[in-house]
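Q: got a structure for you, letters missing:
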């Protein structure tokens with residue numbers, strides 16, 4: 001299965017990374033934050049019915065979901081078939097793409113998004129403001145809008161020129177939650193999945209009874 005990371009912007013250069021999606025693990029984390037303010041929910045006030053739960057849960061906020069994965073970038077197969085790019089550059093173009101996705105951007109000529117480090121931003125103040133890339137992470141049925149928060153590269157094999165042709169990339173993301181179409185579709189998919197789980201659980205319980 002293929003995975004994709006692509007920058008959701010008119011960018012120069014366009015940033016797209018296609019990779020084999022075969023991680024051994026994906027760690028997904030979501031946390032609740034409790035306020036220290038003197039609210040009934042934080043002080044552990046009792047409740048006696050579901051109607052009381054909004055009051056009990058005052059002062060609780062939900063942090064955006066974060067997750068991490070490790071992907072393998074390997075040019076060996078392409079090198080064996082004589083691919084000239086892989087034979088000379090290995091996986092360096094893929095690693096350059098990941099690094100560029102993490103670097104700040106500015107608005108360049110014609111509204112294009114470019115790397116701030118290139119120094120080609122417009123003359124106006126708002127065009128010199130730096131911002132992070134909005135990325136779409138695509139795998140299977142998931143299309144998640146994310147910020148790439150960290151990249152760790154471990155190169156494990158190199159060409160004689162010391163260009164890497166095999167590397168592992170540890171990637172960490174934060175989901176961009178809010179009023180965007182990709183997150184809405186993901187929440188609909190999640191709700192449908194929860195409904196299927198409920199139906200399956202109820203059906204299983206009925207089967208055990210009879």
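A: Now that the structure is in, tell me what you want to look at. Keep in mind that what you see is a predicted model, and the values were worked out from it rather than measured. Residues are numbered from 1 along each chain as shown.

Q: after the helix or strand of the chain at the bottom of the mean pLDDT ranking, which helix or strand is next?
A: Least confident helix or strand, the chain: helix 125-128 with a mean of 50, by mean pLDDT, DSSP states H and E. For helix 125-128, the following helix or strand on the C-terminal side (DSSP states H and E) is strand 135-139.

Q: could you list every helix and strand in contact with that following strand?
A: The contact analysis (3 or more C-beta pairs under 8 Å, 6 or more residues apart in numbering; DSSP states H and E) places strand 135-139 against strand 2-7, strand 142-158. Any C-beta I mention is one placed from the backbone N, CA and C, and that applies to glycine too.

Q: contacts for stretch 179-187?
A: Residues outside stretch 179-187 that contact it (C-beta atoms under 8 Å, 6 or more residues apart in numbering): 136, 142, 143, 144, 145, 175, 176, 177.

Q: what residues sit buried inside the biggest helix by length in the chain?
A: Using DSSP state H, we find that the single longest helix of the chain is helix 181-209. Residues 182, 183, 186 are the ones in helix 181-209 that count as buried (16 or more other C-beta atoms under 10 Å).

Q: Throw those into CSV and include pLDDT, thanks.
A: Converted to CSV, the buried residues of helix 181-209 look like this (pLDDT from 0 to 100):
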residue, pLDDT
182, 93
183, 92
186, 91
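
Q: any low-confidence regions in the chain?
A: 35-45, 110-111, 117-128, 204-210 (pLDDT under 70).

Q: tell me the domain ranges of it?
A: Per automatic domain parsing, the domain ranges recorded for the chain read 2-30+65-177, 180-210.

Q: if you count neighbours, what's buried in stretch 11-24?
A: 11, 12, 15, 17, 19, 23.
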